[in-house]
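1. model this:
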Amino acid sequence: MSSILNVIEKLKLNVLNIEDVPESYSSDVFKLTLVSGEDVYVKIPFNKDKLFREFQVLEILKDVIPVPKVLDIWCGDESNTGALLLSAIQGVPCTENMDEKLSFQMGVYHAMLHEVKTPGYGYHSTDGFKFLDQNNWRLHIKNNFEKWKEPCKELLEPALYERCILHFDGVFSALPDPDGPCFVHMDFRPGNILVNGNRVTGIIDFESARGGSSEIDFTKINRYIWEVNPRTKSPYFEGYQTIRNMLNLEIVLPFYNFYDAFGAVVWCKNRGVERNQSFLQESIEVLKKSVSY
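-> Just a heads-up that it's a prediction; the model follows:
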């Protein structure tokens, strides 16, 4: 609570009520009701790079797709990350049943995001746009996997770990050329898509967004929407293809489903295995299914 009180003081806000926003995994998010009666959100990211990344991305996308408006930014100090003051969007996370009309709209907005080109493969940071090593998306994916091996080895059963290492080499080499560089959200899932009735009203949480290949951005939508409710897949594709061509997901989806779960195991280790036990188990189950373990 002390962090939000500090931000309120720095941004000189007159606040009537403070409400913690649950299920914000990487950042602290608070809903504030101001004395004027207006609702706003304060986001305190995990680190300064995430702060500036989200700020830059929201500024670029504000006239492209429905995203929160940045009302103010506090750049922090030596002991504080800083914070974003964001406008409220009328809507709730799309975590309930989703119909075909909503799925179509999601496809449209996702494609509109992917149509926004970036200077290269990389991400916005405190020092401007940082390019990935050799501006190479495939090399970035391979390097990430190499970096994740050691921490994953500590949490996975030895036989499952060995299966994963062998599996990566086979499926990675079969990937088509990357599509990009364009903006990818990296966490495009129901909790980050706001709806009001049967209308998509906003896309939120761009702290991990970057210039990448669009192929990586269908993993969460597949796991949490298409696989849960298969009839949403076709209208989503239809919406997406009103803006741009859809990739051949039959090859890339299985790979990124595996890759995402392998990285998620490392995320759970870094953020605390006990606190994230359910997510860890979900990720391990995905790995088992991916490698037929």
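2. quick one: the spatially most central residue of the chain and Leu34, what's the gap?
-> The centre of the chain sits closest to Asp187, judged by CA atoms, centre = their mean, with a distance of 2.1 Å. Separation of Asp187 from Leu34 (CB to CB, to the nearest Å): 28 Å. Placement of C-beta: from N, CA and C, glycine included.
3. now Arg271
-> Between Arg271 and Leu34 the distance is 32 Å, computed by CB to CB.
4. residues making contact with stretch 261-276?
-> With contact meaning CB atoms under 8 Å, 6 or more residues apart in numbering, stretch 261-276 is reached by 25, 144-145, 148, 151-152, 154-156, 164, 168, 277, 279-280, 282-284, 286-287, 290.
5. Just the buried ones from those residues, in ChimeraX syntax?
-> Buried subset of the contacts of stretch 261-276, written as a ChimeraX selection, criterion 16 or more other CB atoms under 10 Å:
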select :145,148,152,155,156,164,168,279,280,283,284,286,287,290
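6. Which of the contacts of stretch 261-276 fall in helices?
-> Judged by DSSP state H, these include 144-145, 148, 151-152, 154-155, 164, 168, 277, 279-280, 282-284, 286-287, 290 as members of helices.
7. Check which residues of stretch 181-196 are buried.
-> Neighbour-count burial for stretch 181-196, counted by 16+ other CB under 10 Å, picks out 181-195.
8. State the helix or strand in which Val42 lies.
-> Following DSSP states H and E, one finds Val42 within strand 39-44.
9. Paired strands for that strand, with orientation please.
-> Partners of strand 39-44 in the sheet, by DSSP bridges, are strand 28-34 (antiparallel), strand 83-87 (antiparallel).
10. okay, the ones you listed in CSV with mean pLDDT next?
-> Shown next, in CSV, are those (pLDDT from 0 to 100):
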stretch, mean pLDDT
strand 28-34, 95
strand 83-87, 98
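11. and among those, the most buried is which?
-> Burial of the strands paired with strand 39-44 is given as mean neighbour count (mean count of other CB atoms under 10 Å); strand 83-87 ranks first at a mean of 22.
12. Any idea how far that one is from the middle of the chain?
-> Distance, stretch centre to chain centre, for strand 83-87: 18 Å (CA atoms, centre = their mean, to the nearest Å).
13. circling back: wait, which of the strands paired with strand 39-44 is closest to Gly122?
-> For the strands paired with strand 39-44, proximity to Gly122 was assessed by CB to CB; strand 83-87 is nearest, at 21.1 Å.
14. What's the first helix or strand after that closest one?
-> In the C-terminal direction, the helix or strand that comes right after strand 83-87 (DSSP H and E) is strand 92-93.
15. Show me the contact partners of that following strand.
-> For strand 92-93, the external contacting residues (CB under 8 Å, 6+ apart) are Pro190, Gly191, Asn192, Ile193, Leu194, Val195, Asn196.
16. need the contact list for the closest residue to the first one other than its chain neighbours.
-> Nearest in space to Pro190, with sequence neighbours left out and distances taken as CB to CB, 6 or more residues apart in numbering, is Cys94 at 4.5 Å. Listed by CB under 8 Å, 6+ apart, the contact set of Cys94 reads Leu102, Met106, Pro190, Gly191, Ile193, Leu194, Val195, Val200.
17. repeat that for 7 Å
-> Cys94 is in contact with Leu102, Pro190, Ile193, Val195, counting by CB atoms under 7 Å, 6 or more residues apart in numbering.
18. what does Ser290 give?
-> His167, Pro254, Asn257, Phe258, Ala261.
19. Among those, which one sits closest to Val64?
-> Nearest to Val64 out of the contacts of Ser290 is Asn257 (CB to CB; 27.6 Å).
20. Quick check: that closest one touching Val286?
-> Yes - if you go by CB atoms under 7 Å, Asn257 and Val286 touch, sitting 6.3 Å apart.
21. Which helix runs longest in the protein?
-> The single longest helix within the chain, with elements called by DSSP H, is helix 249-271.
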